[in-house]
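Trainee: Sequence plus the predicted model coming up.
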Amino acid sequence: MYTTPDLQAFGGADAYLRSCASRSVVELISNKWVCLVIGALAAGPMRFGALRRRLDGITQKMLTRTLRDLERSGLVGREVFPTTPPQVEYSLTPLGEDLGVLMGAIRVWAEEHMNEITEARTDYDARVQEPVRPL
């Protein structure tokens, strides 16, 4: 059986190791709201309210937390305009744009295969409900 070698010993990253810093990056980008925020901002800069309207179901608290995490990680930039009240606009950084390509591909794949996934879930749920028959 093949086991992924520990690449950290050779100066590389290995997200399969709990101590590898890349695992926190995987954790960040696997969040559904991160994926959707990155996708929404791929179209161009947006203000907080526009983002919240675009991301149906996200709470103000979750959007705020997600944007802060993305800004902290260098994926999203935040620009404050000196107006009354202050206007804030969010946009992808070059690093965020790079991630946006991947997130866009994941979104497209999900949209293209949602019917197959739904059908597989329905079939599975039906099989699980069937009584166990002795041999």
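Mentor: Here it is on my side, so go on.
Trainee: Can you tell me the centre-most residue of this protein?
Mentor: Centroid check for the chain by Cα atoms, centre = their mean gives Cys35 as the closest residue, at 2.6 Å.
Trainee: residue ranges with poor pLDDT in the protein?
Mentor: Where the chain drops to pLDDT under 70, the residues are 1-11.
Trainee: So which bits of the lengthiest helix in it are buried?
Mentor: For the chain, the helix with the greatest residue count under DSSP state H is helix 94-129. For helix 94-129, burial by neighbour count (16 or more other Cβ atoms under 10 Å) applies to Gly96, Leu99, Gly100, Met103, Arg107. (Each C-beta comes from the backbone N, C-alpha and C, glycine too.)
Trainee: Which parts of the chain are helices?
Mentor: Under DSSP H, the chain gives helices at 22-29, 32-41, 48-54, 60-72, 94-129.
Trainee: Gln87 is nearest to which of the ones you listed?
Mentor: Closest of those to Gln87 is helix 48-54, at 9.0 Å (criterion: Cβ to Cβ).
Trainee: Can you tell me which helices and strands that closest one packs against?
Mentor: helix 32-41, helix 60-72, strand 87-92 (3 or more Cβ pairs under 8 Å, 6 or more residues apart in numbering; DSSP states H and E).
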